[in-house]
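S.K.: Provide a 3D model corresponding to the input given below.
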Amino acid sequence: MAASCARKTTWTFSMMEGSLFILYLLVGIALVSAVDRNNFKTCSQSSFCKRNRDLDSGNSPYEALMGTLLISDDLVQLAVLNSATGIRLQLELHGLDQSTVRLRIKDPVNRRYEVPDVVQPNLQKSRWTVVQSSGSFEATLASDVTVRLTAKPLRLDVLQNGYIIISVNSRGLMNYEQQREKKSPKSPEEEGEEAVDEEPEEPGMWEETFKTHKDSKPKGPESVGVDFSFPGFAHVYGIPEHADTFALKTTVSTDPYRLYNLDVFEYELYNPMALYGSVPYMLAHNSERTVGLLWLNAAETWIDISSNTADKSMFNRMLDLVRDMEVPQVDTHWFSESGIMDVFFFMGPTAEQVMYQYATVTGMPQLPPLFAVAYHQSRWNYNDEDDVKNVDAKFDEHDIPCDVIWLDIEHTDGKRYMTWDSHKFSHPEDMQNQVAAKGRKMVTIVDPHLKKDSGFHLHKQAVDNGFLVKTHDGTDYEGWCWPGSSSYPDFTRTDTRNWWAEQLSLENYKGSTPNLFTWNDMNEPSVFNGPEVTMHKDAKHQDGWEHRDVHNLYGLYVHMATVDGQHKRSNGKERSFVLSRAFFTGSQKYGAIWTGDNEASWEHLKISMPMLLSISVAGIPFIGADVGGFFKNPEPELLTRWYQAAAFQPFFRAHAHLDTKRREPWLLPPNMMDIVRTAIRTRYALLPFWYTAFYKASKTGIPVMRPMWQGFPDDEETFAMEDQFMIGDSLLVKPVTDKGATSVSVYFPGQDMVWYDVNTVQKYTGASTQSVYVNLEKIPVYQRGGTIIPRKERVRRCSALGLDDPYTLIVALDTKQQASGQLYMDDGHSFDFQSGLYQYKQITFQNNVIQSRSIDMNGRYQTKSWLERVVVIGLEKSPSSIELSGDFISTHNVEFSFNEENKVLVIRKPEVNMGIDWVMAFKK
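M.R.: Predicted structure coming up:
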């Protein structure tokens, strides 16, 4: 959905009560220009950012008071003194299972906001073994993770197997601004007195103005910050969302990376500006290990990054070549406007272990329903029921699969969410049922702002129950968004979330059906006339917390409440699908997110890959970018290439702005429509592979879309790679992102590893870079030798109709003539898998035997799908016969053919149910 249209006009509420004409006029104006940077703060315009960034390294006033040390199993705690002010803080070290450490530093006297509802309950704890010495101590977990604390100045080093992996406050940038009363102006007599133990007063501490917006700051300065260093690392990743490179860049000559959920229209590329979501989680990777750091704080946050390698001049880099290389190190500096210091260290040492450790703490990703992994068709807006009916029919007419049709804000009654325009959508249930009769679903947009209208039931209930966010003086907060004057529910409240969830019931959401799902947009929250197009920081939430404390959590809470509503709608039987634009740590538990208001340009197609990889490694696997770009009109070649790329990204949706030309696939030139049809059909053929990958993610936290270095952790060629990626551990994808391209360079990693072109089975050997010919029909995709991929080749109009279709197995052999893969099966929509109605199979090829065995013997799902075909690629020699045996079937030979030229063997119609265990033996 489009971002704020009120970009350059300062609105008063009297102006807002007029016609919506101006609003739509500004939307049109916005289309011709990119984001107005003046609407968003830089560090120099943020007083707490300036204060923290201006700190001098090496002058830390903090010291640990060793005499206060207390040790109790999984908890070590002691007092920390600010020697400049005499104020004490409390430091806690929590030992957790899975090589995880939690560090908390807080004020034991003054209450500060601590992020709830993100850290999983009942985490497994691990006991500390503590050895003290003069001025320091070492606390060690059973996993050989050690925290060494040096008292003066305060410093912590996190070690594993004796090596320092992360250092805390090694540069002395720790800063914990104390809550205090504002000073009164001094009398002439007091001016001459020497100040003792007082923190300096600086502009912006007690009141701050940005453009015309005033932040009253009743609590004064309360920022927290500290530095973290990664010795031995040259690359760090994560901290989404930014439209920037995958490997994070130094910020020595730029603003820090900013985390503050904002509605940013047609965002600029390759800069550290904040966007729609915030995950304060960073990974560092080198050829020996991966490590993760979570800064659990929901307030506005900035992260500075420097590197002793990236920040060097070319001359100094050349000097390193002729002398001993300096050990690389990345230094980071994190600071937030409020809250406490609450930090998790995930010590790995492998990338997969770090990802599992992070998901154990913040929650495993949701297993989406099958339809959500398929293709979605959206635009702002499909005009009416006839338009929806026509779009639905056109997919069938052109034999293009589609699972979901979306409706944007124009389907509502005057932007009142969970309502319908009585003229354009007068029979919404009939419309949904007609779409559902073909096996498809629908999605409607439900934004969190409520039209200020006493006749609108949602607004009236929210007012009557006191569910709304308040201004700093206690009145209901009012802002401007799509409906005009709007109110904002306080989703930080449990009762508000419960009320919201109840509104999604079939009884309350009139015109909805069980086949209708939800899109939460504008949930940063977007406030067109607010500071930086969002809510005022001094707005009040439950228990007196300010919006500055909870801002980055707001969208997650909207997402959480909407998911809860869908679950309650089916009495907990059906899985939800909710797309959210805003996100935070833990959003992976609730569903999909996307990269917001991109544009139809080759540059935005390129940036989608590093953006998605950054979000992916930050723990959210269900991610995508709008196909074709939301703003502007893509040329046919760009739209075609975007479909090819997005077919290999986790969330696959085409979407477009109200003022763009219609661009459904059948409106392309015929040859390009054929290519797009092929791309979408390829997605559907691979749905078993995708669905299995999502199941693995839901159990391990390991993403579906992966950076190259995850699978090849010691290959330094991959560390900054962002223009190709892996799906699972099996498919290498290199999208074509240049206009008129006739060739692309593909890097094939892995020494002596073989890769097979998925269309031609041409073999490539790693590690090598190859120039690959491409025409418009070609997107380079390669299956790694040693893997097995399940597919379904029958062409269906949607995923539900293919649930019982037969499987094809693509067996790509490695140099040892071996391969393995997995297949997960369930009903594709319900929670029955949680009670054992699933099948999870391990399929292997070894010693000339293909076999399928249950990984989990508790699975009881009865599939109707049979094995239709097996394709073995890279087989050195044809067998004389192939014998099939298994549970409940008689042993018999199966039909096959072997192509001596390309070394491909095809087994046809083995006629074995995929739910049973079976073996195929190749006879010499």
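
S.K.: Could you use CA atoms for every contact and neighbour count after this?
M.R.: Noted.

S.K.: any idea how far stretch 449-465 is from the chain center?
M.R.: The chain centre lies 32 Å from the centre of stretch 449-465; the measure is C-alpha atoms, centre = their mean, to the nearest Å.

S.K.: can you check stretch 41-57 too?
M.R.: Centroid separation for stretch 41-57 versus its chain: 28 Å, with C-alpha atoms, centre = their mean.

S.K.: Just the buried residues of that stretch, please?
M.R.: Lys41, Thr42, Cys43, Ser47, Phe48, Cys49, Arg51, Asn52, Arg53 (16 or more other C-alpha atoms under 10 Å).

S.K.: again, but for stretch 858-868
M.R.: For stretch 858-868, by 16+ other C-alpha under 10 Å, it's Gly859, Arg860, Tyr861, Gln862, Thr863, Ser865, Trp866, Leu867, Glu868.

S.K.: quick one: the fourth one and Pro910, what's the gap?
M.R.: Right, the one you point to is Gln862. Look at Gln862 and Pro910: by C-alpha to C-alpha, to the nearest Å, they are 19 Å apart.

S.K.: Which secondary structure element of this protein has the lowest mean pLDDT?
M.R.: helix 13-16 (a mean of 34; mean pLDDT, DSSP states H and E).

S.K.: Quick check: bridge partners of Leu867?
M.R.: On the basis of DSSP bridges, Leu867 is bridged to Tyr807, Val912.

S.K.: separation between it and Met825?
M.R.: Counting by C-alpha to C-alpha, the gap from Leu867 to Met825 is 13 Å.

S.K.: same deal with Asn381?
M.R.: Asn381 is 35 Å from Met825, by C-alpha to C-alpha.

S.K.: Between these two, which is the more surrounded one?
M.R.: Met825 (23 against 20; other C-alpha atoms under 10 Å).

S.K.: surely the more buried one meets Phe833?
M.R.: No - between Met825 and Phe833 there is no contact under C-alpha atoms under 8 Å: 9.1 Å.

S.K.: before we move on, back to that, now, which of the buried residues of stretch 41-57 sits nearest Tyr554?
M.R.: Relative to Tyr554, the closest of those is Lys41; by C-alpha to C-alpha it sits at 19.9 Å.

S.K.: Now do the SS call for the closest one.
M.R.: In three-state terms, and counting by DSSP: H, G, I helix; E, B strand; the rest coil, Lys41 is coil.

S.K.: residue contacts, it?
M.R.: Phe210, Glu532 (C-alpha atoms under 8 Å, 6 or more residues apart in numbering).

S.K.: at 6 Å what do you get?
M.R.: By C-alpha atoms under 6 Å, 6 or more residues apart in numbering, no residues touch Lys41.

S.K.: ok, now Pro428?
M.R.: So Pro428 contacts Gly511 (C-alpha under 6 Å, 6+ apart).

S.K.: can you do 8 Å?
M.R.: Residues near Pro428 by C-alpha under 8 Å, 6+ apart: Glu385, Trp420, Gly511, Ser512.

S.K.: Quick check, pLDDT for the nearest residue to Thr562 once chain neighbours are set aside.
M.R.: Once flanking residues are discounted, Thr562 sits nearest to Ala501: 5.7 Å by C-alpha to C-alpha, 6 or more residues apart in numbering. Turning to Ala501, the model gives it a pLDDT of 98.

S.K.: quick one: Ala501 from Met522, how far?
M.R.: Taken as C-alpha to C-alpha, the span from Ala501 to Met522 is 18 Å.

S.K.: neighbour count winner among those two?
M.R.: Per other C-alpha under 10 Å, whichever of Ala501 and Met522 has more neighbours is Met522, with 27 against 21.

S.K.: Just to check, that one is in contact with Leu579?
M.R.: No - between Met522 and Leu579 there is no contact under C-alpha under 8 Å: 11.4 Å.

S.K.: on that earlier part again, which of the buried residues of stretch 41-57 sits closest to Asn529?
M.R.: Asn529 has its nearest neighbour among the buried residues of stretch 41-57 in Lys41, at 15.2 Å by C-alpha to C-alpha.

S.K.: Pull the number of nearby residues for Glu326.
M.R.: The burial count for Glu326: 11, using other C-alpha under 10 Å.

S.K.: quick one on the thing from earlier: so the residue nearest to Thr562, which state does it fall into?
M.R.: Of the three states, Ala501 takes helix under three-state DSSP.

S.K.: check contacts around it.
M.R.: Contact analysis of Ala501 by C-alpha under 8 Å, 6+ apart lists Ala561, Thr562, Val563, Asp564, Gly565, Gln566, Lys568.

S.K.: any idea which of those is closest to Ile702?
M.R.: Closest approach to Ile702 among the contacts of Ala501 (C-alpha to C-alpha): Val563, at 22.2 Å.

S.K.: element containing that closest one?
M.R.: helix 554-569 (DSSP states H and E).

S.K.: which strands and helices sit next to that helix?
M.R.: helix 494-503, strand 516-520, strand 578-580 (3 or more C-alpha pairs under 8 Å, 6 or more residues apart in numbering; DSSP states H and E).

S.K.: Contacts for that helix, please.
M.R.: Here helix 554-569 makes contact (C-alpha under 8 Å, 6+ apart) with 448, 491-492, 497-498, 500-506, 514, 517-518, 520, 523-525, 573-584, 586-587, 590.

S.K.: Mind doing that once more with 7 Å?
M.R.: When contacts are defined by C-alpha atoms under 7 Å, 6 or more residues apart in numbering, helix 554-569 is touched by residues 491-492, 497-498, 500-502, 504-506, 520, 523-525, 573-576, 578, 580, 582-584, 587, 590.

S.K.: roughly how far is it from the heart of the chain?
M.R.: That offset, for helix 554-569, works out to 17 Å (C-alpha atoms, centre = their mean).

S.K.: Pull it out as PDB, backbone CA atoms only.
M.R.: Extracted C-alpha coordinates of helix 554-569, given in PDB (Å, rounded to 0.1, in the frame of the first residue of the first chain):
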ATOM      1  CA  TYR A 554       3.600  -1.800  17.700                       C
ATOM      2  CA  GLY A 555       3.400  -3.500  14.300                       C
ATOM      3  CA  LEU A 556       4.300  -6.900  15.800                       C
ATOM      4  CA  TYR A 557       1.400  -6.500  18.300                       C
ATOM      5  CA  VAL A 558      -1.000  -5.700  15.400                       C
ATOM      6  CA  HIS A 559       0.300  -8.800  13.600                       C
ATOM      7  CA  MET A 560       0.000 -10.900  16.700                       C
ATOM      8  CA  ALA A 561      -3.600  -9.900  17.400                       C
ATOM      9  CA  THR A 562      -4.700 -10.500  13.800                       C
ATOM     10  CA  VAL A 563      -3.200 -13.900  13.800                       C
ATOM     11  CA  ASP A 564      -4.900 -14.700  17.100                       C
ATOM     12  CA  GLY A 565      -8.200 -13.600  15.500                       C
ATOM     13  CA  GLN A 566      -7.800 -16.000  12.600                       C
ATOM     14  CA  HIS A 567      -7.000 -18.900  15.000                       C
ATOM     15  CA  LYS A 568     -10.000 -18.100  17.100                       C
ATOM     16  CA  ARG A 569     -12.200 -17.900  14.000                       C
END
